[in-house]
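Trainee: coordinates only, sequence not included:
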């Protein structure tokens, strides 16, 4: 009798473990995935080695917007995933004058361009450029330290892996990803 109860308990435990593993894989594959920031291109908003949660599903049902922070595969062969801020989306025209960003001729707010009280805005100039259908234009917050759409062009929405929404580490930063 004790052997039968023990086998049932082991079978129940094994089933629970299998369900938990499958559920974790489904969540990580389709819904939410952790991501580690590598580099300083998003300072002051995100810091090197910060851990984020990335929503992998929502942006498929809602268009990306100015200011959202996305994780994507850059159009440079062999590069790891990048993290940058969406500045313009399909059909919008972006230009830069002395580091100021204009979308459809309107100066865009960029409160995220400050690091330790010093502006991270550069003096980049770019003539008007219309973002092609199905693409986004991304920039890092620490412009002088960022390789972004200014260098490699627009990014296909299909290359986007998800939208960063929550900082999980370090614990002092725990909470929603800062937005403009």
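Mentor: Yes, it's here. Just so it is clear, the model here is predicted, and its values are computed rather than measured. Residues are numbered from 1 along each chain as shown.
Trainee: what about the protein, any weak spots by pLDDT?
Mentor: 1-2, 18-31, 114-121, 180 (pLDDT under 70).
Trainee: from the centroid of it, which residue is nearest?
Mentor: residue 70 (2.5 Å; Cα atoms, centre = their mean).
Trainee: surely that one meets residue 64?
Mentor: Yes: if you go by Cβ atoms under 8 Å, residue 70 and residue 64 touch, sitting 6.7 Å apart. (Each C-beta comes from the backbone N, C-alpha and C, glycine too.)
Trainee: what sits in contact with each of the two?
Mentor: Each of 86, 136, 160, 163 lies in contact with both residue 70 and residue 64 under the rule Cβ atoms under 8 Å, 6 or more residues apart in numbering.
Trainee: by contact count, what packs against the helix or strand encompassing the first one?
Mentor: Residue 86 belongs to strand 82-89 when assigned by DSSP states H and E. In this structure, strand 82-89 packs against strand 69-72, strand 100-103, strand 135-139, with contacts taken as 3 or more Cβ pairs under 8 Å, 6 or more residues apart in numbering; DSSP states H and E.
Trainee: could I get these as a markdown table with distance to residue 32?
Mentor: A markdown table is the format used below for the helices and strands packed on strand 82-89 (distance: least, Cβ to Cβ, whole Å):
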| stretch | distance to residue 32 |
| --- | --- |
| strand 69-72 | 12 |
| strand 100-103 | 29 |
| strand 135-139 | 21 |
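Trainee: scan the shared contacts of residue 70 and residue 64 and report the most crowded one.
Mentor: Neighbour counts for those, by other Cβ atoms under 10 Å, peak at residue 136, which reaches 27 neighbours.
Trainee: bridging residues for residue 34?
Mentor: Note on residue 34: beta-bridge partners residue 53, judged by DSSP bridges.
Trainee: how many other residues sit next to the residue lying closest to residue 138 once chain neighbours are set aside?
Mentor: Nearest residue to residue 138, sequence neighbours excluded (Cβ to Cβ, 6 or more residues apart in numbering): residue 84, at 3.7 Å. Counted with other Cβ under 10 Å, residues neighbouring residue 84 total 23.
Trainee: what does residue 143 give?
Mentor: Residue 143 has 21 neighbouring residues, counting by other Cβ under 10 Å.
Trainee: perfect, that will be all.
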